[in-house]
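Could you work out the structure for the sequence below:
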Amino acid sequence: MKRILLDTNVYGLLIFDRPFVDKLQVLIPSFFVVYSTSLIRKELRDISKDAKAEGRSKRNLVLSVHDSFIRKSNHMLEVNEFIILLANKYFEEYKEGGGALSIIEMLPDFTLVACATLYTLDLVVSNDNRTMLSGIAKRAYNVVNNKINFNTPTFYTYNSFREYVRRFQ
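Numbering: from 1, shown residues only. Prediction:
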């Protein structure tokens, strides 16, 4: 069973891909368990109430998909002080490696990766190549995690995750 964290931007893609959502629903919890954090749910709730997708409230659609995947209360992972410390270590290593973006831009994504790392999740799915999935950021995760003997989750883009899921029947 693979334990997964879906980045906020993935939910925005899922609302336009109902067949894939239905397939994932069937595979949960046999093959996959989807986790989330209050940070992700807050970002989804921050979508404007006026934003529309296919004539419906985009905010309600993404929250509905999110909540359908998060089946148990213990699948909402707590962001604690250690996770914030780890996220800041990622940022320090990111800057040392030549990263140009600010802590304000990077900390939310680094916090999600730190959460996935601490809770030993297998996969993180995101389409954020500029921040979370950038080469410099991925290097920072690996350097910091290797120093403290943690495993770094495997990263997938939305499309590569769709391909990965196709293997499960």
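
you'd agree residue 87 is up against residue 116?
No: counting by CB atoms under 8 Å, residue 87 sits too far from residue 116 to count as a contact (11.0 Å). The C-beta positions use only the backbone N, C-alpha and C, and glycine is treated the same way.

Settle it for me: which of these two has more neighbours?
Taking neighbours as other CB atoms under 10 Å, residue 87 and residue 116 compare with residue 116 leading, 27 against 23.

and that one, how far is that from residue 133?
According to CB to CB, to the nearest Å, residue 116 stands 13 Å off from residue 133.

Equivalent analysis for residue 66, please.
Between residue 66 and residue 133 the computed distance is 20 Å (CB to CB).

Could you do residue 103 as well?
18 Å.

Show me which of these two is the more surrounded one.
residue 133 (19 against 13).

So for the more buried one, what's the pLDDT?
For residue 133, the pLDDT comes out at 95.

Please apply the same query to residue 141.
pLDDT for residue 141: 98.

again, but for the one 3 residues further on
The predicted structure scores residue 144 at 98 on the pLDDT scale.

Show me what counts as buried in the strand or helix carrying it.
Here residue 144 sits within helix 135-147, counting by DSSP states H and E. Counting neighbours by 16 or more other CB atoms under 10 Å, one finds that the buried residues in helix 135-147 are 136, 137, 139, 140, 141, 143, 144, 145.

which residues in the chain form strands?
Using DSSP state E, the strands of the chain run over residues 2-6, 32-37, 52-53, 56-57, 76-77, 123-125, 154-156.

Let's have these in JSON lines, adding mean neighbour count, distance to residue 99 and mean pLDDT.
What follows is the strands of the chain, written out as JSON lines (neighbours: other CB atoms under 10 Å; distance: least, CB to CB, whole Å; pLDDT from 0 to 100):
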{"stretch": "strand 2-6", "mean neighbour count": "21", "distance to residue 99": "21", "mean pLDDT": "96"}
{"stretch": "strand 32-37", "mean neighbour count": "20", "distance to residue 99": "23", "mean pLDDT": "94"}
{"stretch": "strand 52-53", "mean neighbour count": "13", "distance to residue 99": "33", "mean pLDDT": "85"}
{"stretch": "strand 56-57", "mean neighbour count": "14", "distance to residue 99": "36", "mean pLDDT": "88"}
{"stretch": "strand 76-77", "mean neighbour count": "17", "distance to residue 99": "25", "mean pLDDT": "94"}
{"stretch": "strand 123-125", "mean neighbour count": "23", "distance to residue 99": "18", "mean pLDDT": "97"}
{"stretch": "strand 154-156", "mean neighbour count": "18", "distance to residue 99": "16", "mean pLDDT": "97"}
